[in-house]
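Participant: just the structure for this:
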Amino acid sequence: MTINIGSQSMIAPLQTVLVKRPSTAFGNADPEKWHYTERPSLPEAQDEHDAFVNLLRAEGIEVVYHDVELPDHADAIFVHDPSIVTNDGAIILQMGKELRRGEEGASTAVYQKLGIPIHYQLHGEARAEGGDLLWLDEKTLVVGQGFRTNAAGLAQLRQAVPTDVEIVPVPLPYYQGEAACLHLMSFISVVDVDVAVVYLPLMPVPFYQLLKARGFRLVEVPDEEFLTMGPNVLALSPGNCVMLERNPITRQRLEAAGCRVQTYRGDEISLKAEGGATCLTRPIFRS
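Facilitator: Sure thing, here's the model as predicted:
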């Protein structure tokens, strides 16, 4: 199987994407252990995930399934986090959330099966998760520095990414502490060349200033829609995006900014489990 690779963008047309269908591990998740709002219903979660995948396929996107069993990893459906795929190959990260350790090896196995080269693997004390890694453009990678991605992870990412890529570190706020999931992408998604959807109260000032200096138009998420993952928006191509339903104000503001917006139902796969459209996908190839 020959597969094209390279996804140094949040917005270039999405051609090939990796997903993982919810399995027993997700359906059996202990909400307190996994920091979910309540235990997901597996049949409903699988239906929601299937519908989400069908939406992607309807856009002409090739969907590849991560089929390595991870019986003790409820969060494994959020395939965005254990790796990124650069023009040079996959970079295997190391999860900052202890419960998610082990997903990295499963991602490696999937890539090897697909014939995707492993360019770099984080090691030692380095920690980094995909939700903290945001491409502003193909040559600029913003790296959130919080409970999931540490200084050692940042240092190794500097070695791992192509030499022409600038890395911009962004310190993250404490917010709800170590148990909660606050990634960089919890409060920002880039959806077009010059459009980002953001939740401003959590935005570090220097990062806000960088976005403004680069000419970004910021679509603001209201307080009530931050809680329903309004900022978690997946661009399928510039200005063409998918977001969780129940965020009508953010959707309206995105459309006013010139975006085409589709929504998916994610009561089980997203709202209960702290992961939106970006989290459910690992872009392998954007052209």
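Participant: once you drop chain neighbours, what's closest to D192?
Facilitator: The shortest distance from D192 to any residue that is not its chain neighbour, by C-beta to C-beta, 6 or more residues apart in numbering, is 4.3 Å, and that residue is G239. For the C-beta atoms, the positions are set from N, CA and C on the backbone; glycine is no exception.
Participant: from I11, how far off is that neighbour?
Facilitator: Per C-beta to C-beta, to the nearest Å, G239 is found 8 Å from I11.
Participant: any common contacting residues for those two?
Facilitator: A shared contact of G239 and I11, defined by C-beta atoms under 8 Å, 6 or more residues apart in numbering, is any residue touching both; here these are V191, D192.
Participant: comparing the two, which residue is more hemmed in?
Facilitator: Neighbours around G239 and I11, counted as other C-beta atoms under 10 Å, are more numerous at I11. The numbers are 22 against 18.
Participant: which parts of the stretch 1-150 of the chain are helices?
Facilitator: Using DSSP state H, counting those that start in this stretch, the helices of the stretch 1-150 of the chain run over residues 24-27, 31-34, 42-58, 103-114.
Participant: residues in contact with the longest one: which ones?
Facilitator: Meaning helix 42-58. 14, 17, 19, 21-24, 26-28, 63, 77, 236, 242, 262, 264-269, 277, 280-281.
Participant: how far does that helix sit from the chain's center?
Facilitator: Taking C-alpha atoms, centre = their mean, to the nearest Å, one finds helix 42-58 lying 17 Å from the centre of the chain it belongs to.
Participant: contacting residues for E178?
Facilitator: Taking C-beta under 8 Å, 6+ apart, we find E178 in contact with F147.
Participant: now it, what's its secondary structure?
Facilitator: Secondary structure, DSSP: H, G, I helix; E, B strand; the rest coil: E178 is coil.
Participant: distance check, it against R101.
Facilitator: Summarising the geometry, the distance separating E178 from R101, computed by C-beta to C-beta, is 15 Å.
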